[in-house]
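**Q** quick one: sequence plus predicted model below, questions after.
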Amino acid sequence: MRELIFFAVLSTASATPEPEPQSVFSAALGGPEVLHASCTDLLVLEDGSTAAVVMAMTGMSFGDPWLVVMGPSGEVRLAESPTEVSVPVSRDLESGGFLERGSRGSLLLAAYGEPRATGVNSDAAVLRVTIEGELTGVSVLGSDDDLLWSLAGLAARNDGSFLTAGRTDCGLPEAFAASFSGDGRLEWLIESPDDEMFMQALATMEGGDSVLLLMVNSWSRPIFVEVDRSGMIIAVRETDLPEGLSVSVLRAGNERVYLGGALDGAPWIGCATTEGRLVWRTV
């Protein structure tokens with residue numbers, strides 16, 4: 001039985017060495033009956049501290065997202081699970097663990113449940129959390145059905161609203177993208193234009209109004225789908241990204257799209273234009 005959650009963060013060393021902050025640090029969090037834990041996402045905050053999400057399975061839960069905040073020198077300022085209070089989801093939020101900046105200094109944390117032998121119903125949720133770990137709101141997908149909801153990512157707009165995307169599954173899977181206002185109200189939800197495609201990642205485009213969705217199927221190259229602020233699909237673009245590419249990180253800016261993932265079991269990083277033309281790649 002593992003009793004510690006371990007993760008390490010590296011920061012860029014300054015040109016003039018100073019005692020604080022350290023250029024490299026690590027942190028360990030104690031926790032009884034921790035069976036498995038992993039750091040799934042992190043952000044560097046304006047004051048130089050680091051916010052991270054740790055997904056932890058314990059003897060009492062299949063998994064919970066923990067918000068961990070560390071100072072510039074690695075001191076642990078906060079380690080809280082926002083879901084320790086009542087969250088209106090049908091199962092433990094054991095997967096995902098995406099993190100984004102919200103409005104007015106808040107953080108957005110997205111996670112979803114997994115099906116179990118006791119039933120297939122599972123929900124996805126985006127939690128609005130203060131930097132002190134206080135849960136201020138929850139947006140849930142799937143609370144009124146028996147589908148399986150999973151998430152492929154989370155993206156925030158400049159106006160405080162945010163988006164997520166993923167798939168629903170109960171028989172025939174369907175890809176979806178959903179937009180929420182800054183206070184967590186569902187603005188729109190769209191399904192994939194192609195039933196055989198599934199969502200792999202998303203990112204806001206330059207300017208923040210439209211969102212770029214990366215979609216794939218099992219036998220063709222990934223495609224880019226651009227959706228505007230109102231939820232209308234304004235472009236579907238073929239790409240020359242390699243077949244079989246599994247993308248876990250997607251960022252867009254300055255007419256370029258940066259991707260990170262795996263291809264044939266090896267790490268893969270690449271850059272493409274927003275039109276889908278591959279510019280460079282490295283393995």
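**A** Great, that's in hand.

**Q** not counting sequence-adjacent ones, nearest residue to the residue nearest the centre of the chain?
**A** In the chain, the C-alpha closest to the average C-alpha coordinate belongs to Phe98, at a distance of 2.7 Å (C-alpha atoms, centre = their mean). Of all residues not flanking Phe98 in the chain, Leu154 sits nearest, at 3.9 Å (C-beta to C-beta, 6 or more residues apart in numbering). C-beta here means a position set from N, CA and C on the backbone, and glycine is covered the same way.

**Q** can you give me the distance of the residue nearest to the centre of the chain to Ser220?
**A** Here Phe98 is placed at a distance of 26 Å from Ser220 (C-beta to C-beta, to the nearest Å).

**Q** looks like Val257 contacts Thr274 (just checking).
**A** Yes: in this structure, Val257 is within contact of Thr274 by C-beta atoms under 8 Å, at 5.9 Å.

**Q** what touches both of these two?
**A** Leu212, Phe224 (C-beta atoms under 8 Å, 6 or more residues apart in numbering).

**Q** how about the strands in the stretch 151-283 of the chain?
**A** 162-169, 174-180, 186-191, 198-204, 211-216, 223-227, 233-238, 246-253, 256-263, 266-273, 278-282 (DSSP state E, counting those that start in this stretch).

**Q** got those strands as TSV, with mean pLDDT, distance to Met60 and mean neighbour count columns?
**A** Formatted as TSV, these follow (pLDDT from 0 to 100; distance: least, C-beta to C-beta, whole Å; neighbours: other C-beta atoms under 10 Å):
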stretch	mean pLDDT	distance to Met60	mean neighbour count
strand 162-169	92	26	24
strand 174-180	94	30	22
strand 186-191	94	31	14
strand 198-204	93	31	22
strand 211-216	93	36	24
strand 223-227	94	39	21
strand 233-238	93	43	13
strand 246-253	92	29	16
strand 256-263	95	33	18
strand 266-273	96	35	15
strand 278-282	96	43	12
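
**Q** dump those strands into CSV; add distance to Ser122 as well.
**A** Output for the strands of the stretch 151-283 of the chain, formatted as CSV (distance: least, C-beta to C-beta, whole Å):
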stretch, distance to Ser122
strand 162-169, 9
strand 174-180, 15
strand 186-191, 17
strand 198-204, 16
strand 211-216, 22
strand 223-227, 25
strand 233-238, 27
strand 246-253, 21
strand 256-263, 24
strand 266-273, 29
strand 278-282, 35
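
**Q** find the nearest non-adjacent residue to Leu186, please.
**A** Phe180 (5.8 Å).

**Q** so what sits opposite the one you found in the bridge?
**A** Judged by DSSP bridges, the bridge partners of Phe180 are Phe162, Leu186.

**Q** got the contact list for it?
**A** Val126, Ser139, Ser161, Phe162, Leu163, Thr164, Leu186, Glu187.

**Q** I appreciate the help and will end here.
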